[in-house]
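**Q** next input, structure requested:
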Amino acid sequence: MARSFTFQSMIRGYHVYKDSWIPEEGETLDCIREMTNLHDPYAASVMKNGKAVGHVPRKNSASCSVNLQSGSIHCIVTGKRYSCDLPQGGLEIPSILVFTGDVDKTHKVEKILKKIYSEADDEVVAKEEEETLVKNELGIGKDSKKRKVDDKNDESDSNSHHWLQIDKLILCTTDRLVIKKRDELNDLHVIATQFILKMQFPLLICGLCATCKILRDPPKKWVQ
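**A** All right, here's what the predicted structure looks like:
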């Protein structure tokens with residue numbers, strides 16, 4: 001048995017799509033998961049005629065992503081675009097999200113959204129709290145395999161927050177710190193870089209080679 005509920009939200013990133021889409025009040029759009037987003041593994045795009053015209057806020061993207069796994073979300077435009085004092089800047093459009101799905105799951109998603117928006121004003125804090133609630137309430141991520149960054153990591157590293165997922169590779173906040181501080185990179189960091197390069201430059205044939213792999217299996221011939 002299906003259930004639906006509505007939640008006031010925003011369409012983020014309109015400044016990117018304003019040349020190809022003019023929103024109209026009452027317009028209904030579809031929401032889908034954006035699996036290739038490198039900044040948010042739970043990202044959900046707002047679509048019109050098969051093309052992205054914005055995104056749901058990162059503050060509630062994890063909840064949207066969970067609902068989209070087995071249900072649907074429609075986005076109804078309720079107002080005109082306006083500039084908001086967001087960390088990333090840009091324009092956003094007032095909207096209502098209509099969640100539809102399994103009765104039990106939609107009740108839990110609605111509960112999480114109300115809790116997040118009533119308690120956390122800070123976008124980053126709300127995002128982290130939402131992901132924790134999603135995992136606790138819905139069991140998402142409990143069976144995920146934990147990965148060591150390197151042999152020097154202690155038990156605290158296993159509690160690192162999920163930062164980025166590229167295909168089947170998962171990077172944690174500890175990886176982010178290593179990259180940001182320009183510390184020694186391991187093979188996983190290099191392989192993740194290969195995936196990013198391949199997505200940005202599809203015609204790139206050879207890409208980069210992981211250092212350890214080169215030492216173990218040196219190439220017979222270098223590409224000129």
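**Q** the protein: helices as residue ranges?
**A** 14-17, 61-70, 103-119, 123-138, 173-180, 187-200, 211-216 (DSSP state H).
**Q** hey, least reliable of those helices by pLDDT?
**A** Per-stretch mean pLDDT for the helices of the chain is lowest at helix 211-216 (a mean of 47).
**Q** mind giving me the domain ranges of the chain?
**A** Per automatic domain parsing, the structural domains of the chain span 2-138, 155-216.
**Q** how about CSV for these, with mean neighbour count added?
**A** Every C-beta, even on glycine, is put in place using the N, C-alpha and C of the backbone. Formatted as CSV, the domains of the chain follow (neighbours: other Cβ atoms under 10 Å):
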stretch, mean neighbour count
domain 2-138, 17
domain 155-216, 13
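**Q** and Val109, how far from Val66?
**A** Distance, Val109 to Val66, using Cβ to Cβ, to the nearest Å: 6 Å.
**Q** if you could redo that for Ser72, that was the one I meant.
**A** 12 Å.
**Q** mind checking pLDDT for Ser156?
**A** 39.
**Q** now Thr78
**A** Thr78 carries a pLDDT value of 95.
**Q** now it, what are its backbone angles?
**A** Note on Thr78: its backbone torsions stand at phi -120, psi 0 [degrees, to the nearest 10].
**Q** tell me the contacts of it?
**A** Gln8, Glu25, Gly26, Pro94, Ser95, Ile96 (Cβ atoms under 8 Å, 6 or more residues apart in numbering).
**Q** and if you look at Ser65?
**A** Arg33, Tyr42, Ala43, Ala44.
**Q** is it true that the first one touches Asn67?
**A** No - with the criterion set as Cβ atoms under 8 Å, Arg33 and Asn67 do not qualify as a contacting pair; they are 9.9 Å apart.
**Q** would you agree Phe7 is in contact with Leu97?
**A** Yes - Phe7 is in contact with Leu97 according to Cβ under 8 Å; the separation is 4.9 Å.
**Q** out of the contacts of Ser65, the closest to Ser61 would be?
**A** Tyr42 (4.3 Å; Cβ to Cβ).
**Q** my guess is that closest one contacts Ala62, does it?
**A** Yes - counting by Cβ under 8 Å, Ala62 is a contact partner of Tyr42 at 4.3 Å.
**Q** give the intersection of the neighbour lists for those two.
**A** Listed contacts common to Tyr42 and Ala62 are Glu131; contacts here mean Cβ under 8 Å, 6+ apart.
**Q** and Val16, how far from Arg182?
**A** From Val16 over to Arg182 (counting by Cβ to Cβ), the distance is 30 Å.
**Q** one more: Ile196?
**A** 17 Å.
**Q** what's the answer for Thr100, then?
**A** 46 Å.
**Q** likewise for Val190?
**A** 14 Å.
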